[in-house]
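Asker: Sequence first, predicted coordinates after that:
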4 protein chains.
Amino acid sequence: MAAEGYGFLGLGIMGLAMAKNLLKLGVPLTVWNRSADKCDPLVELGATAAKTPAEVVLKSKITFAMLADPAVALTVALGPGGVVEAITPGKSYVDMSTVDADTSMTISKAITLKGGRFLEGPVSGSKKPAEDGQLVILAAGDESLYHDAAAPFDVMGKKSFFLGEIGNGAKMKLVVNMVMGSMMTAFSEGLSLAEKAGLKQTDLLDVLDLGAIANPMFKLKGPSVIKGSFPPAFPLKHQQKDMRLALALGDEVAQTMPVAAAANEVFKKARNLGHGDNDFSAVYKAISESS
Amino acid sequence: MAAEGYGFLGLGIMGLAMAKNLLKLGVPLTVWNRSADKCDPLVELGATAAKTPAEVVLKSKITFAMLADPAVALTVALGPGGVVEAITPGKSYVDMSTVDADTSMTISKAITLKGGRFLEGPVSGSKKPAEDGQLVILAAGDESLYHDAAAPFDVMGKKSFFLGEIGNGAKMKLVVNMVMGSMMTAFSEGLSLAEKAGLKQTDLLDVLDLGAIANPMFKLKGPSVIKGSFPPAFPLKHQQKDMRLALALGDEVAQTMPVAAAANEVFKKARNLGHGDNDFSAVYKAISESS
Amino acid sequence: MAAEGYGFLGLGIMGLAMAKNLLKLGVPLTVWNRSADKCDPLVELGATAAKTPAEVVLKSKITFAMLADPAVALTVALGPGGVVEAITPGKSYVDMSTVDADTSMTISKAITLKGGRFLEGPVSGSKKPAEDGQLVILAAGDESLYHDAAAPFDVMGKKSFFLGEIGNGAKMKLVVNMVMGSMMTAFSEGLSLAEKAGLKQTDLLDVLDLGAIANPMFKLKGPSVIKGSFPPAFPLKHQQKDMRLALALGDEVAQTMPVAAAANEVFKKARNLGHGDNDFSAVYKAISESS
Amino acid sequence: MAAEGYGFLGLGIMGLAMAKNLLKLGVPLTVWNRSADKCDPLVELGATAAKTPAEVVLKSKITFAMLADPAVALTVALGPGGVVEAITPGKSYVDMSTVDADTSMTISKAITLKGGRFLEGPVSGSKKPAEDGQLVILAAGDESLYHDAAAPFDVMGKKSFFLGEIGNGAKMKLVVNMVMGSMMTAFSEGLSLAEKAGLKQTDLLDVLDLGAIANPMFKLKGPSVIKGSFPPAFPLKHQQKDMRLALALGDEVAQTMPVAAAANEVFKKARNLGHGDNDFSAVYKAISESS
C-alpha cells in the first residue's frame, strides 16, 4: 500500500537528484512538481506522479519537499491542494527547503494542528553532493520523525543532524555562514598583505594548504581571487545578508561578535563598490583596492 | 673529504630530529651543540661531533642551524668560534631558526661579506613533523643555495618554498599566523553564538567538519575549547604578538586589515583576562564570558 | 473663531511644557489628554479642554501632538475619536512624538488622504529645554506646513529644521545617536587607557575639556563614569538599539561604518554584562573590566 | 644677577611667541636660536642673546626650550655647548618640545646626573594660542620645578597640568589624539550615512552643533569635509601614526580598544588612497568613496 511509501515535492536541480536517491530504498515513491513534465524522468525509474501535493501526502507515510524559497514553501504546504489538506495523524512532512525560522514555524503549526509530524531539514551542499547522496542535513523539529526518516536521510546525505526545536536548522546555517564570511575576509587580508609586502600570493596559497588552517574554501577560491575572477557560486549580497542575520541573532542574545561585525562592514563596502552580484570572494576587492 | 658533507648546529628537540633525517642522505654529517652530550645520539648513528660552529663549517659544504631564538642565532653566527670565522667562498649557511627579519639580515650580511652564501629557512611544523621529515620550509635569500640544498630540504620537509629576498620567510609566517588568529576568533564567535542561540556546540563542530571551511585547527581545538581546556600548544601571548607584528607590517605598506585588527583587540582582551600563557584558543573566553 | 487657533494632544512632562509655551503666542489653544485632569493647569492659563483628539482638531488650524510611543501615536491619530476623523482640507497635524519612519508614514497617508497636511517633528532635548523653549525640532513632511508652523516652533524650540520627506526626522535622530554612541565608546577607551597607562583620569577630562574635541557629553558623563556611577539618563539598551537601527540603515544604502559597528559590539558586550538598564555611559565597563 | 632670570632656546613660530610672553614677567630673559638673527626681535624687546645653549643656562635659573623634533632636542641638550654642560645644582631645564618618552627620559637622566632639575612640558595648541598665552601645558617630571615654573607657565598657557613621571606628557597627548581620531572617523561615518540616506549633510552639522556632542572640531572641519577640501592643518599620516602609537601603548598594558583599532584601519585605508599628506579629516574619503 502506497501510504507506506515516500513522497517528494519539488523536482528542481536539487529535488530531482534527491528523489532519485530515494528510489534506491526500494519503497514506492510518489512525486509532484509544479511543472508536471519534471516528473517524467522519475516515473521512468518507477515513481508515480501525483497531481497535487495533497495527493502525494495521501499516498505517502513521509513526504519530503525541496522548494525554491519561503513563498513557494508556504503555498505548497498551506495553499489549495497543499500538504496540510491531506495531513492526518500518522502522516509526516519534512521540508528540506532553505527557509527562515518564521516560515518553518508557520508550516510546523499547521501540520501539527492536524495531528501530523513536521521536521525542517535544510541542507548544506549543492548539485553534486545532492546527486552523490553526500548532503549534510540540518534537521530540527519532531525527533521521532527524525528517527523514522533515518533511511531516506541516509541515501540523500552523508550525514544528518537533529538540532532540536524548529528554527535551529536555519540558525545553524547562519552560524556556519557567519564563520565562513569572517574567514573569507581574513583570507583576503592575508592575500592582500602578502602582495603589498612583496610575497607571492601563490606561495601563500601553497603554504596555507600545507598547514593547520588548510580548508577546501581557501583551496577553491584562492586561485580565482588572485586572478580577479569572481563568478558567483554564492553571491556576495547573499553572504552579506547572512552575516547581517547572524549579527541580528547575536544582538537578540547579547553575544558580542567584533570580528563578524568588522567583516560585515567590509562586505557592505564591497556591495557599495558594485560587487553584490559577484561571488562572495569578491570581498577581496574591498580589502585590496587602492587609489 | 668532509667539506663535501653537511653540518648541523643546535640539537634541541627540533634540531635533533632534523639532523637525524639528514643522515639518511648517506653524506658525512658534522654536528655541534652548546651542551656537547646532545651530540651523542647522532655520533652513534655515524655523525662526527665538533667543538665549535666554526669547526663544523670548516668540515661542511652546507651548514644548517636550528637555534632557540634570535640572540642565540646571532651568537652562533657571529660570536667567537662562530660560523662566520670559518666561512670562505664556496661555503654556505642555512639558518632555519625562527628569527625576525633584522636578525636574518645581520647574519646574511656577515656571511656574504666573507664570500659565503646564506639562506634563512624558518619552518612550519613542530616535533612530530620534524621527526617524520614533514616540515614546511619557508626559505629566502640566496636562490642558488636553495637549489643546492634541495636534497637536505627533501629529507627534512614535505615541502620547501623559495620566497625571495631575506626577510620574506619571517613575513610569510606572520601572514599565515595572522589569518590563523582571525580564524580562531571567528570560530570562537561562532561557538559562543551557537551556545547562546540554543544550538549544541558539538553539533556546530560536526557540521563545520563536513563543509567547505573544514580544517585541522577547528577539528583539533574545537573539542578542548568546548571543555574550557586551553593547554598551551601555542601561547596566546605569542599569537597576539604575531598579530601585532602582522598589523605593523600592514601599517608599513598601508594595507587596511579590519578583521585582523578586531581580532587583535579580542586577543588583547584575553591577555587582560589572564589568558596570556594559555593556548591561543583561549581567545574564546574573551568572546564568551558574561557577567 | 477657534479654528484659527492651535491644538495640543498629550500633556505628559514634555507636552505640558510645550503647550505652555504655545500659550505665549496669544492665540486660542485647545488641549486634550487621555487623563483629563492633566488639562487643568493649562485651562487655568487660558486654554480650552476638549474631550477627544477629533474635537481638538475641529477647533484648531494646526494640531500638535507629543505622545508616549508609536502605539499611542497610531491610536490617537487613527482610533475612534481620533485626529483623522476631524481632518478636512485646511486642517494640519504635526506629530512631535518619537516614532519610527513606518508609523510616521502610516499617519501621514491617513491625514493626506482626507486632504489635510502632515508634518513629523521629533525633538532633541528633554524636560528642561522643553520648559525653556529650547528644543531642537527635526521636522519632515509637508514643507508649506513647516512654514505655517514657524511661530509655534519658535516658542517651543531654539531651532527647527525641515529635513525633507517623511521619515527623515527619525533618520536624523539615528545618525546623531550613532555618532554619539561611537564617541562614548571612544571616550571610554581613552579613559581606560589613561588609567592603565598611569595617567589620572581626571587630568584627561581636564585636558579634553580645553581642546578641540571638548563637548558637553564628555563634561557631563566623564566624572560619573570615573566614579563608576551610571544612573540611566539614556538607558544603554536604547542606545544600543539606536546603533543597531543606524547600522541597519547603513546596510540598506551599502554604507560601510566600521567604527559604529565596533562600538555596537561593545554595547552588546555591556548588555551581556548586565548594564542594559544603566546609562549608556556604562559601555565603559565593557572596555575597562579585567579579570 | 642674570642667574635669577629665565632662558629660552628655540625661537621658531611657537618659541618666539612663547618667549615674548615670558618677557611680560619683567624678569631678565636670555635667548638662543641656531640661526642667531631670530633673536633680534626679542633683543629689541629687552632680552639678551647668547651664543650657545650652555651660555643661556649659565645666566638663567630656569631655561625653557621649544625645539623642532627629538633629534634637535637631544643635540641642544647633550651636544657641545649644550644645556647639560652648564647644568649645576640649582639650575633647571624645561623642554616643551613634542618628543617621545624615550627622548625625554634620556635628557632627564643627563640633567639630573649633574644635579639639575628637569620637566617635560609638551603643549596642546598652535601659533595663535602660543601668541595669546593660551596654550595647554602637559608637564611631567620634577614636581617642585613644576611649582617653581608656575609664573612662566601662567603667561604662556591658559592651563598647565602636572602629570607625574617623565613620559606622561607624551602619553597624555597620545590618548587625546586617539580619542580625536576615533571621533573624526565616527563623524565621517555619520556624514556619509546622512548623504546616502537622503539627508542634507549641512543639516546634520547644524543639528550636531546644537546638541550634547557639539564640539569645536566638528564645527571647524565639518564644512570643509562636505566641500571635499582637506588642507593639512594636522596631516593624516601624523594622526594615523599617533593612533598606531596609542594602540601600541594599549598593547603594552593589555587594554582592548576596538573602536580605535577600527578607526586606525580606516586611516590606513585613507593613506592607501593617497590622503597621507592631506588633513586628517580626509579619513572621510575612505568612508564615503564608492565605485
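Answerer: That came through fine.
Asker: show me where the stretch 1-150 of chain A has helices.
Answerer: For the stretch 1-150 of chain A, helices defined by DSSP state H, counting those that start in this stretch occupy the ranges A:13-23, A:40-44, A:53-59, A:70-78, A:83-86, A:101-113, A:127-131, A:143-148, A:150-156.
Asker: For the last one, buried residues please.
Answerer: Of the residues in helix A:150-156, A:152-154, A:156 count as buried by neighbour count, 16 or more other C-beta atoms under 10 Å in any protein chain shown. Quick note: C-beta positions are derived from backbone N, CA and C, even for glycine.
Asker: What helices and strands are in contact with that helix?
Answerer: Packing partners of helix A:150-156 (3 or more C-beta pairs under 8 Å, 6 or more residues apart in numbering or on different chains; DSSP states H and E): helix A:13-23, strand A:135-141, strand A:157-162.
Asker: give me that answer again for 7 Å
Answerer: Using 3 or more C-beta pairs under 7 Å, 6 or more residues apart in numbering or on different chains; DSSP states H and E as the contact test, the elements touching helix A:150-156 are helix A:13-23, strand A:135-141.
Asker: same deal with the shortest one?
Answerer: Taking 3+ C-beta pairs under 7 Å, 6+ apart as the contact definition, the neighbouring helices and strands of helix A:83-86 are helix A:53-59, helix A:70-78.
Asker: repeat that with 8 Å
Answerer: Here helix A:83-86 touches helix A:53-59, helix A:70-78, helix A:101-113, going by 3+ C-beta pairs under 8 Å, 6+ apart.
Asker: Who are the contact partners of the residue minimising distance to the centre of chain A?
Answerer: The centroid of chain A falls nearest to A:Val123 when counting by C-alpha atoms, centre = their mean (4.1 Å). Contacts were defined as C-beta atoms under 8 Å, 6 or more residues apart in numbering or on different chains; by that measure A:Val123 touches A:14, A:96, A:98, A:130, A:135-138, A:157.
Asker: got it, and A:Lys61?
Answerer: Going by C-beta under 8 Å, 6+ apart, A:Lys61 touches A:3-6, A:90-92.
Asker: Okay, and which of those map to strands?
Answerer: The members of these that map onto strands under DSSP state E are A:5-6, A:92.
Asker: from those residues, which is closest to chain D?
Answerer: Nearest to chain D among the ones in strands among the contacts of A:Lys61, counting by C-beta to the nearest C-beta, is A:Ser92 at 47.9 Å.
Asker: where does the closest one land on pLDDT?
Answerer: The model reports A:Ser92 with a pLDDT of 98.
Asker: Next to chain C, which bits of chain A? Give me the list.
Answerer: A:244, A:250-251, A:254-258, A:261-262, A:264-266, A:268-269, A:271-272, A:276, A:286 (C-beta under 8 Å from any C-beta of the partner chain).
Asker: List only buried entries from those.
Answerer: If we count by 16+ other C-beta under 10 Å, those have these buried: A:244, A:250-251, A:254-258, A:261-262, A:264-266, A:268-269, A:271-272, A:276, A:286.
Asker: burial measure for A:Phe267, as a count.
Answerer: 29 (other C-beta atoms under 10 Å in any protein chain shown).
Asker: how about the residue of the stretch 1-150 of chain A found nearest chain C, what does it touch?
Answerer: Nearest to chain C, among the residues of the stretch 1-150 of chain A, is A:Asp100, at 16.8 Å (C-beta to the nearest C-beta). A:Asp100 makes contacts with A:70, A:170, as judged by C-beta under 8 Å, 6+ apart.
Asker: distance of it from chain D?
Answerer: For A:Asp100, the distance to chain D equals 26 Å [C-beta to the nearest C-beta, to the nearest Å].
Asker: Phi and psi next, for that residue.
Answerer: Main-chain torsions, A:Asp100, degrees, to the nearest 10: phi -80, psi 170.
Asker: What about the residues of chain A next to chain C, which are in strands?
Answerer: Per DSSP E, those never map to strands.
Asker: Beta-bridge partners for the closest residue to A:Thr112 other than its chain neighbours, please?
Answerer: Using C-beta to C-beta, 6 or more residues apart in numbering or on different chains and skipping residues adjacent in sequence, the residue nearest A:Thr112 is A:Phe118, 6.1 Å away. Going by DSSP bridges, A:Phe118 is paired in beta bridges with A:Tyr93.
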